[in-house]
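# what's the 3D shape of this:
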Amino acid sequence: MNTGKTIGLILIAVGIVIGLVGTLVVIATHLSGQTQTLGGVALGITCAIVLAVPIIGVGIFMFIKGRREAAEFAEVEKERKLLGMVQAQGQVKISDVALELDASRDQVKEWVYDLVHKGLFAGYINWDEGTLYSRDAAQLRGDKCPSCGGELELAGKGVVRCPYCGAEIFLTD
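From the prediction side, this is the model:
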C-alpha cells in the first residue's frame, strides 16, 4: 500500500548511486595520472549533478508524499473501525472508542462528523453520557430527540441538536 514511499526510497538510492559513479569517474581519471579529458570531466559532472540531483529530488518528493498518504490512510482506517464498532454494537462509549483507537475524544468527535458528512453514519450522540448510538435513519426522522424526547433543531449538514439534553443526531440523506 505504501508504494510512494518505496518508489521515493528507490529513486533516492538510484540518484545517490549515479552521483557516486559520476564522482568516481572524475576521481579515477584524476588518480590514474592521465590528464583529465574534457569528456571525462563532463561525464562525471553530468552524472553527479545533472542526473543525480533531479532524481534525488523526485525521490524525496515521492517519499514525503507517500508518508502523507500513509497517514491519511491510517485516519480513514480508524474511521472505518469506528463505524464498524458502532454499527456492530449499536452503542459505544466514546471513551472506549478513544482507548481502542488510541485517539482523543476530540479526534473521535471529528471522525464522527466526517463520517456523517460523507453520508456513512446515522445515529446520535449523548455528550452527557459520552455514548454514541447507531440508529436506522427511519427511526431518526422526525422532530423528537431519541434521547430525551425534546423538540429538535437543525445544527448543520446532517446534524440535528437537541437543545434540552445536548444530544446530537446524525442523519444521512
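# Kindly report the domain assignment for the chain.
3-75, 90-170 (automatic domain parsing).
# what about the first one, distance to the chain center?
Its chain's C-alpha centre lies 29 Å from the corresponding centre of domain 3-75 when counted by CA atoms, centre = their mean, to the nearest Å.
# distance between the ends of that domain?
Its first and final residues considered, domain 3-75 spans 18 Å by CA to CA, to the nearest Å.
# where does the chain dip in pLDDT?
The model of the chain has pLDDT under 70 over residues 1, 33-40, 135-142, 153-158, 171-173.
# what about Leu43, which helix or strand?
Secondary structure assignment for Leu43, by DSSP states H and E: helix 38-45.
# who wins for proximity to Gly84 among the domains of the chain?
domain 90-170 (10.3 Å; CB to CB). For glycine as for every other residue, the C-beta is placed from the backbone atoms N, C-alpha and C.
# sorry, back to before: only the buried residues of the helix or strand that the helix holding Leu43 is followed by, if you could.
Beyond helix 38-45 on the C-terminal side, the first helix or strand identified by DSSP H and E is helix 52-89. Residues of helix 52-89 classed as buried by neighbour count (16 or more other CB atoms under 10 Å): 52, 55-56, 58-59, 62-63, 66, 78-79, 82-83, 85-86.
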